[in-house]
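>>> Provided below for reference: sequence and predicted model.
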Amino acid sequence: MLEMQNQQRWTETRQLVANRKLTKWILHSTKPINTLDDTTFEDFLNYLNPNYKLPNEKNLKLLIHQAYDWTEGSMKKLL
């Protein structure tokens, strides 16, 4: 399956979805933002998909704020 995934064209949309999934994982597992600086983690991700580029800390913080805004709006609708 990994070979199949790596053969697919890597697009900006795929990068954005991957970044959002990474953000979700960081938030749900309460990992620190500096997890992105872990070279072993980066090596693992690179092995899974060499096309994926980790976001920098600034972009990750932006993604976290976007997730918060989306969640806040969703919670307000539910209530």
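That came through, no problem.

>>> for the rest of this, base every contact and every neighbour count on C-alpha atoms.
Will do.

>>> leaving out chain neighbours, which residue sits closest to Leu60?
Residue nearest to Leu60 in three dimensions, not counting chain neighbours: Thr23, with 6.9 Å by CA to CA, 6 or more residues apart in numbering.

>>> just list the residues touching the one you found, thanks.
The contact partners of Thr23, by CA atoms under 8 Å, 6 or more residues apart in numbering, come to Leu60, Leu63, Ile64.

>>> ok, which stretches of the chain are strands?
Here the chain has no strands by DSSP state E.

>>> what stretches of it score poorly on pLDDT?
Low-confidence segments of the chain, defined by pLDDT under 70: 1-7.

>>> what about the longest helix in it?
When the chain is parsed with DSSP state H, its longest helix is helix 57-78.

>>> now do it: distance to the chain's middle.
How far helix 57-78 lies from its chain's middle: 13 Å, per CA atoms, centre = their mean, to the nearest Å.

>>> do you know how far Met17 is from Leu78?
Rather than Met, residue 17 is Val. Distance, Val17 to Leu78, by CA to CA, to the nearest Å: 25 Å.
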